[in-house]
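Peer 1: what would the 3D arrangement of this be:
(one chain, ligands or ions: 2)
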Amino acid sequence: MNVSKPENLEEAIRFLSDHQEARIVAGGTDLLPRINQKLEAHDTLCYIDDLPEMSGVVVAKDGGVFIGASVRLFEIAVNKELSGYTALLQAASKVASPQIRNQATIGGNILQENRCMYFNNQVPWSDVNHCFKWGGKQCFQYKSSKECVALFQSDVAPVLIAFDAVAVICGPDGRRELPVEELYLKAGRKNIAHNEILLGIKLPALMEGVFSAYARKTIRGSFDFPLLSCAVRLVTGEDRVIKDAKVVFGSAGVMPAVFQVAEDVMVGKKINELTALADTLKPAVSKVIMPFRDTRVNGPVRKDMAKEVFSKAITQIEQVT
Ligand SMILES: Cc1cc2nc3c(=O)[nH]c(=O)nc-3n(C[C@H](O)[C@H](O)[C@H](O)COP(=O)(O)OP(=O)(O)OC[C@H]3O[C@@H](n4cnc5c(N)ncnc54)[C@H](O)[C@@H]3O)c2cc1C
Ligand code: SF4
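Peer 2: Ligands and ions are numbered 1, 2, ... in the order given. Sure, this is the predicted structure:
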């Protein structure tokens, strides 16, 4: 095994550029289990979680916040500078278990691999019947699909999108920034090159009257990937009338799903009118949730959960206003 621990960013990018086969490791809680389970084989790893450019939570002059990609999820859940980003704290504190949150980074969380019951098994499925993710020519989840449709189950990504966060990425050609929403591509691919490193996330300054919440549905109370989740961010004005809203579902498909219909309907309403909206939004909501089935839940049930997680998030906001 060729393991590199570069001392600075330039060295890391050079190593990745020189080793096309190398994989980045941050906390390792997503990648290393897949290697151990022989779902993936990599003999060149590049550990980047100590790089100074990727550490810490820094408040910018305009009131926005930069979160280094190596910041651990447990740190996010207790960080005072982030206390106004309620939904982010809630999402970070719900990931997996305390042990995993102590090790897992925010960068690794939003770049984690998509998951599917056919792929994420200890024993590789038949050598003959490989699916797209194994380099094969079919999908067992949706027989008619022309590409992998495995679920993206990050708890943190939907919240960052709800806050209009921006990803800061560095590669051989320098730095670039893009909305977190644009990190996600079809078939579970991510909009980041093999030799690029996510340095961190920029969160815009909190506006006056902002409220946010994150809710998720799981089989177990803790240590479980979400079946479906929902991040809501609202900006309110006088009399708690909503001026701006963003609603994003997680574990809803190959990438987080922005629920534009809800945003349009919510603007102009008062916060205490929102719970009643959940019923009227049901037909629209089911269109943004993919009918993905896994060992825990079938497709139609996942769609039915949308109203529940949306209402849960809204109720949390109502309770603090
Ligand atoms: C038992 C278990 C339960 C889990 N439960 C949850 C859950 O409930 N919710 C949830 O969201 N996740 C869950 N996870 C998934 C995952 O462990 C976490 O999301 C974690 O945050 C991943 O972060 P990491 O730093 O360990 O990632 P790593 O494993 O280090 O990296 C993940 C991926 O991102 C890439 N990467 C990491 N950092 C960078 C960077 N800075 N630049 C470019 N590429 C990078 C790596 O190459 C790799 O492909 C769970 C994992 C396990 C094992
Ligand atoms: S969604 Fe289809 S292609 Fe993707 S891992 Fe599952 S079975 Fe394989």
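Peer 1: could you list every residue that touches Gln112?
Peer 2: 30, 152-154 (CB atoms under 8 Å, 6 or more residues apart in numbering). To be clear about C-beta, it is placed using only N, CA and C from the backbone, and glycine gets the same treatment.
Peer 1: from those residues, list the ones also adjacent to ligand 1.
Peer 2: 30, 153-154 (CB under 6 Å from any ligand atom).
Peer 1: secondary structure, neighbour count and pLDDT added to the residues you listed, as a markdown table?
Peer 2: Shown next, in a markdown table, are the ones next to ligand 1 among the contacts of Gln112 (DSSP: H, G, I helix; E, B strand; the rest coil; neighbours: other CB atoms under 10 Å; pLDDT from 0 to 100):
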| residue | secondary structure | neighbour count | pLDDT |
| --- | --- | --- | --- |
| Asp30 | coil | 19 | 97 |
| Gln153 | coil | 21 | 96 |
| Ser154 | coil | 27 | 98 |
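Peer 1: so which of the contacts of Gln112 comes closest to ligand 2?
Peer 2: Nearest to ligand 2 among those is Phe152, at 11.3 Å by CB to the nearest ligand atom.
Peer 1: that closest one against Asn114, yeah?
Peer 2: Yes. Contact between Phe152 and Asn114 holds when scored by CB atoms under 8 Å: they sit 4.9 Å apart.
Peer 1: anything in contact with each of these two?
Peer 2: Residues touching both Phe152 and Asn114 by CB under 8 Å, 6+ apart: 188, 254.
Peer 1: quick check: buried residues in the longest helix belonging to the chain?
Peer 2: Using DSSP state H, we find that the single longest helix of the chain is helix 299-320. Neighbour-count burial for helix 299-320, with 16 or more other CB atoms under 10 Å as criterion, is recorded at 302-303, 305-307, 309-314, 316-318.
Peer 1: reformat these as CSV; add pLDDT and distance to ligand 2.
Peer 2: Output for the buried residues of helix 299-320, formatted as CSV (pLDDT from 0 to 100; distance: CB to the nearest ligand atom, whole Å):
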residue, pLDDT, distance to ligand 2
Arg302, 84, 14
Lys303, 83, 17
Met305, 89, 19
Ala306, 90, 20
Lys307, 87, 25
Val309, 93, 22
Phe310, 92, 25
Ser311, 90, 29
Lys312, 93, 27
Ala313, 95, 27
Ile314, 92, 31
Gln316, 94, 32
Ile317, 93, 34
Glu318, 89, 37
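Peer 1: check those against ligand 1, which are close?
Peer 2: Residues of the buried residues of helix 299-320 in contact with ligand 1 (CB under 6 Å from any ligand atom): none.
Peer 1: pLDDT below threshold where in the stretch 1-150 of the chain?
Peer 2: 122-129 (pLDDT under 70).
Peer 1: up against ligand 2, what does it have?
Peer 2: Residues of the stretch 1-150 of the chain lying near ligand 2 (CB under 6 Å from any ligand atom): 116, 118-119, 131-133, 139-141, 148-150.
Peer 1: most surrounded residue in those residues?
Peer 2: Compared across these, Ala150 has the highest neighbour count, 25 neighbours, by other CB atoms under 10 Å.
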